[in-house]
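1. When you get a sec, could you give me coordinates for this:
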Amino acid sequence: MNHHVQAPTNDPAASTPRTMRAVVQDSYGSVDALRLDEVAPPVIADDEVLVRVRAAGLDRGTWHLMTGRPYLMRILGFGFRRPKNRVPGLDVAGEVAAVGAAVTRFGVGDEVYGISRGSFAEYAAVREDKLAAKPERLSFEQAAVVPVSAGTALQALTDAGRVEAGQSVLVLGASGGVGSYAVQLAKAFGAEVTGVAGPAKQDLVRALGADQVLDYTRHDFADGTRHYDLILDIGGNPSLLRLRRALTPGGTAVIVGGEEGGAVTGGFGRSLRAPLASPFLRRRLTMLASKERAADLERIRELLESGQVVPSIDRSYPLDRAGEAMHHLETGQVRGKVVIVV
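-> Numbers count the residues shown, from 1 in each chain. Prediction:
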């Protein structure tokens, strides 16, 4: 992997310009709060890598950070009156431009992907433990839409869901960012997968490899006709009772975020109630608090290289149209993922 000739440098000034183009946000708000500006490149810490951004992915987390809702996030330290990071964007793919003094896994010129602080820019700072080598068979655009969503899907299935080969898995929100990876990963782990999506996205969920596809406008997954060993509820909003009703005895439901609910806890209110109810039930209800870690990216990379998992890109936008990209994500029309090309 380390076929670079430049000596690793801790001095970004040697290889990076004094200013860079970046999308910035000075207050919480709608997409109108985003604007393109010339700013100084980020200064990296000893354990960070400076990445020359080639592409940046969008995810729901970035949207929540833009709007500052639910308010719970502000209390958790993302910035009370305005975003702590002026430059939005978590998912990133690009080349290493400089490395911090303590970084050992990467050198200048390496192609990487991971989770940054501020990827809607020409350069982004990324902690070494949130970065991995870019899968060779993927373009930068494809790699950039993997880390947050695929990492979340992997943790929902394995850490929280304890998925096993031969189990029946139901994915609510199968056509979205996390869901499109959850379907493919569950198949790769040997499960039988049913995906739930709207009428316009049935074909996508089938193409992802789902064994069955339910149209939520016509079918109720909790009508008692079928039961599932594992349910991933990704941004849906069914009651905990309906989730329980669709589980096999001893089955598990994992709540991965949620887009409805009040301004304070948002959809996370349900996520917080689930584990509290669970100790008294035969069926396990749990929530996912996803972690950002390179080990997941390494594991996903193998599945990407083998072709068992393929990123599904709906649309790409240039950096100066990041607001439009975010608006497209807001509409709920996205099939798979949206990417910004820098």
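2. where are the low-confidence patches of the stretch 201-342 of the chain?
-> Scanning the stretch 201-342 of the chain with the threshold set as pLDDT under 70 gives 257-282, 288-289.
3. What segments of it are strands?
-> 212-215, 228-234, 247-256, 284-287, 313-318, 337-341 (DSSP state E, counting those that start in this stretch).
4. Walk me through the domains of the protein.
-> Following the assignment in automatic domain parsing, the chain carries domains at 12-146+311-341, 149-287.
5. of these, which approaches residue 298 most closely?
-> domain 12-146+311-341 (5.3 Å; Cβ to Cβ). C-beta coordinates here come from the backbone N, C-alpha and C atoms, glycine included.
6. okay, the strands of the stretch 201-342 of the chain, which one's buried deepest?
-> strand 228-234 (a mean of 28; mean count of other Cβ atoms under 10 Å).
7. Please identify the pairing partners of that one and their relative orientation?
-> Applying DSSP bridges to the sheet, strand 228-234 is found paired with strand 168-172 (parallel), strand 247-256 (parallel).
8. Need those in CSV (columns: distance to residue 155).
-> Listed next are these as CSV, based on distance: least, Cβ to Cβ, whole Å:
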stretch, distance to residue 155
strand 168-172, 14
strand 247-256, 9
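9. hang on, the earlier thing: let's have the domains of the chain in TSV, adding distance to residue 305.
-> Formatted as TSV, the domains of the chain follow (distance: least, Cβ to Cβ, whole Å):
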stretch	distance to residue 305
domain 12-146+311-341	5
domain 149-287	12
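10. now residue 121: how far from residue 60?
-> The gap separating residue 121 from residue 60 is 20 Å, by Cβ to Cβ, to the nearest Å.
11. neighbour count winner among these two?
-> residue 121 (30 against 21; other Cβ atoms under 10 Å).
12. Can you classify the residue nearest to that one when sequence neighbours are not counted as helix, strand or coil?
-> Nearest residue to residue 121, sequence neighbours excluded (Cβ to Cβ, 6 or more residues apart in numbering): residue 22, at 3.4 Å. Following DSSP: H, G, I helix; E, B strand; the rest coil, residue 22 is assigned to strand.
13. Quick one: residues contacting residue 22.
-> Contacts for residue 22 (Cβ atoms under 8 Å, 6 or more residues apart in numbering) come out as 36-39, 87, 118, 120-122.
14. Next one: it from residue 145, what distance?
-> Distance, residue 22 to residue 145, using Cβ to Cβ: 20 Å.
15. try residue 93
-> Applying Cβ to Cβ, the value for residue 93 to residue 145 is 9 Å.
16. now the helices for this protein?
-> 60-67, 72-73, 140-144, 147-155, 177-188, 202-207, 240-245, 268-277, 294-305, 322-330 (DSSP state H).
17. Of all these, which one comes closest to residue 32?
-> Closest of those to residue 32 is helix 322-330, at 7.2 Å (criterion: Cβ to Cβ).
18. name the helices or strands packed onto the closest one?
-> The contact analysis (3 or more Cβ pairs under 8 Å, 6 or more residues apart in numbering; DSSP states H and E) places helix 322-330 against strand 34-39, helix 60-67, strand 313-318, strand 337-341.
19. roughly how far out does it sit from the chain middle?
-> 16 Å (Cα atoms, centre = their mean, to the nearest Å).
20. Any buried residues in it, and which?
-> 322-326, 328-329 (16 or more other Cβ atoms under 10 Å).
21. thinking again about what came up before, any chance of the helices and strands packed on helix 322-330 in TSV with distance to residue 212 as columns?
-> Output for the helices and strands packed on helix 322-330, formatted as TSV (distance: least, Cβ to Cβ, whole Å):
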stretch	distance to residue 212
strand 34-39	39
helix 60-67	25
strand 313-318	23
strand 337-341	23
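22. quick one: which of the ones you listed is nearest residue 287?
-> Nearest of the helices and strands packed on helix 322-330 (Cβ to Cβ): helix 60-67, 15.1 Å.
23. That closest one versus helix 322-330: what angle between them?
-> Helix 60-67 and helix 322-330 are oriented at 120 degrees to each other (axes from the mean of the first three to the mean of the last three Cα atoms, to 10 degrees).
24. Residue 50 and residue 252, how far apart?
-> 41 Å.
25. I meant residue 298, not that one.
-> 25 Å.
26. ok, residue 141 - contacts?
-> Counted by Cβ under 8 Å, 6+ apart, residue 141 has contacts 54-55, 93, 313, 316, 339, 341.
27. what's the pLDDT at it?
-> Per-residue pLDDT puts residue 141 at 98.
28. picking that back up, intersection of neighbour lists for residue 93 and residue 145?
-> In contact with both residue 93 and residue 145: residue 57, using Cβ under 8 Å, 6+ apart.
29. mind listing what residue 167 touches?
-> By Cβ under 8 Å, 6+ apart, the contact list for residue 167 reads 191-192, 229-230.
30. Please save the CA atoms from stretch 298-311 in PDB.
-> Extracted C-alpha coordinates of stretch 298-311, given in PDB (Å, rounded to 0.1, in the frame of the first residue of the first chain):
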ATOM      1  CA  GLU A 298     -11.500  -2.600   6.800                       C
ATOM      2  CA  ARG A 299     -14.200  -5.300   7.100                       C
ATOM      3  CA  ILE A 300     -16.500  -3.500   4.600                       C
ATOM      4  CA  ARG A 301     -13.600  -3.000   2.200                       C
ATOM      5  CA  GLU A 302     -13.300  -6.800   1.800                       C
ATOM      6  CA  LEU A 303     -17.000  -7.100   0.900                       C
ATOM      7  CA  LEU A 304     -16.600  -4.100  -1.500                       C
ATOM      8  CA  GLU A 305     -13.500  -5.600  -3.200                       C
ATOM      9  CA  SER A 306     -15.300  -9.000  -3.600                       C
ATOM     10  CA  GLY A 307     -18.300  -7.200  -5.200                       C
ATOM     11  CA  GLN A 308     -20.700  -8.500  -2.500                       C
ATOM     12  CA  VAL A 309     -21.500  -5.000  -1.600                       C
ATOM     13  CA  VAL A 310     -21.900  -2.200  -4.200                       C
ATOM     14  CA  PRO A 311     -22.600   1.500  -3.400                       C
END
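31. Brilliant, that's me finished.
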